[in-house]
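Participant: I would like to see how this sequence folds:
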Amino acid sequence: MKIYINRSPVSGPWGGGNKTVTALADKLEQRGHEVVYELARDLDIIFCFDPRPNSRGEWYQTYVDYKYVFKDTKIIQRVGDLGTHGKPELTELVRETINFSDYAIFPSKWAKEYLGPLSRPHTVIDNAPLKTFFKSRSHSTGVSGKLKIVTHHWSTNPKKGFEYYKFLDKHIVENDNDLAFTYIGRLPDNLRFMKANYHPPTGDNSILADLLSQNHVYLTASEEEAGANHVLEAMASGLPVIYHKNGGSIANYCEDYGIGYDSNDSLIEAVAKVKENFEHYKRNIMGFHRNMEQAIEEYVEIIENV
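Facilitator: The predicted structure follows:
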């Protein structure tokens, strides 16, 4: 088949959605399909990762107009950004464009429920991490010395929860020398840590996997994430997750592999509980095995049968 994907893969450090685009395009080509990133005649599938205009100005209305001419072309919308991080107009755009799609794919149960009842065929395919992160998986079942906590982000959106990271950094300085915190990725311009270790973003997944696996526990403060890849990479690396209860998809992904919090006090309580019961949480996380290759196979099955 001839398949148009409306977002091109980007090299270097980037967000989790880019990893999904890259993996899907690679798998489709391996299976003999032609993947293009510009609209052309006689497309079999338009695979929409984002209904907003891309670098060529093509957006969802462009695809509806295309389908008016090429009626046999199917539109599949993979719902990613729901606009929950300060873009309410995007929420309405996604809800509206699904009504023109032949099929919709959601990255989490939470994302599907967030939009409410849907009239078009749809399914949930949970996001999943690359196999690379399992290769560096930490098998340590005990904590000797400081409990090492890590997080990583590409986006600097306030919904990523930087106030919690700043609070933890201050807490370590003032109250708890038995904790160590590492931040990997980009930071807002106005945020500087006092004691936390900082590592700039890396586009090399092997390096990122190694950095994550050097720690005991993963912390995420993100809220209302439609399909959070960062926690999945941590889980694959063998790290129990301390997550915000309002994390959206994060609560779906992590409920069996960590502990939730919703305030500064409950964050510190969660850290203490994981440290005290580390062997229990570590044993649970070692049962996590889902990887991106499995998720991509589910995408391909839908594309080939829609």
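Participant: mind listing the helices for the stretch 1-150 of the chain?
Facilitator: Listed in chain order, the helices found in the stretch 1-150 of the chain under DSSP state H, counting those that start in this stretch are 16-30, 60-69, 88-98, 109-115, 132-135.
Participant: a markdown table please, covering these and showing mean neighbour count.
Facilitator: To be clear about C-beta, it is placed using only N, CA and C from the backbone, and glycine gets the same treatment. Shown next, in a markdown table, are the helices of the stretch 1-150 of the chain (neighbours: other Cβ atoms under 10 Å):
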| stretch | mean neighbour count |
| --- | --- |
| helix 16-30 | 19 |
| helix 60-69 | 15 |
| helix 88-98 | 16 |
| helix 109-115 | 19 |
| helix 132-135 | 19 |
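Participant: and of the ones you listed, who's closest to I285?
Facilitator: Between I285 and those, the shortest separation by Cβ to Cβ is 11.6 Å, and it involves helix 132-135.
Participant: Need the mean per-residue confidence for that closest one.
Facilitator: In this model, helix 132-135 has a mean pLDDT of 93.
Participant: Determine the set of other helices and strands touching it.
Facilitator: Judged by 3 or more Cβ pairs under 8 Å, 6 or more residues apart in numbering; DSSP states H and E, helix 132-135 is in contact with helix 205-213, helix 229-236.
Participant: Okay, now the unreliable bits of the stretch 51-200 of the chain?
Facilitator: In the predicted model, the stretch 51-200 of the chain carries no residue with pLDDT under 70.
Participant: What distance do you get for the residue located most distally from the centre of the chain to A40?
Facilitator: Seen from the C-alpha centroid of the chain, the residue lying at the greatest distance (Cα atoms, centre = their mean) is V69, 35.1 Å away. Distance of V69 to A40, given as Cβ to Cβ, to the nearest Å: 12 Å.
Participant: ok so, going back, in TSV: the helices and strands packed on helix 132-135, plus distance to G86 and mean neighbour count.
Facilitator: Output for the helices and strands packed on helix 132-135, formatted as TSV (distance: least, Cβ to Cβ, whole Å; neighbours: other Cβ atoms under 10 Å):
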stretch	distance to G86	mean neighbour count
helix 205-213	26	19
helix 229-236	19	27
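Participant: For Y114, find the nearest of those.
Facilitator: Distance to Y114, taken as Cβ to Cβ, is lowest for helix 229-236 among the helices and strands packed on helix 132-135, at 17.6 Å.
Participant: now that closest one, how far from the chain's geometric center?
Facilitator: Centroid separation between helix 229-236 and its chain, computed with Cα atoms, centre = their mean, to the nearest Å, is 8 Å.
Participant: quick one on the thing from earlier: out of the helices of the stretch 1-150 of the chain, the one nearest G227 is which?
Facilitator: Nearest to G227 among the helices of the stretch 1-150 of the chain is helix 109-115; the distance by Cβ to Cβ comes to 6.3 Å.
Participant: Give me the local confidence score for the nearest residue to F49 once chain neighbours are set aside.
Facilitator: Taking Cβ to Cβ, 6 or more residues apart in numbering as the measure, F49 lies nearest to R7, with 4.3 Å between them; neighbours along the chain are not counted. Confidence at R7, expressed as pLDDT, is 89.
Participant: need the contact list for R7.
Facilitator: R7 makes contact with 17-18, 21, 37, 49-50, 54 under the criterion Cβ atoms under 8 Å, 6 or more residues apart in numbering.
Participant: ok, how many other residues are close to the residue nearest to A104 when sequence neighbours are not counted?
Facilitator: Nearest in space to A104, with sequence neighbours left out and distances taken as Cβ to Cβ, 6+ apart, is H122 at 4.0 Å. By the criterion of other Cβ atoms under 10 Å, H122 has 16 neighbours.
Participant: And H122, how far from I5?
Facilitator: 19 Å.
Participant: So which of the helices and strands packed on helix 132-135 is nearest N264?
Facilitator: Among these, helix 229-236 comes nearest to N264, with 20.1 Å by Cβ to Cβ.
Participant: coming back round to it: widest-spaced pair of the contacts of R7?
Facilitator: Across these, the two members that end up farthest from each other (Cβ to Cβ) are G17 and Y37, 15.0 Å apart.
Participant: Quick check: closest non-adjacent residue to F100.
Facilitator: V64 (5.3 Å).
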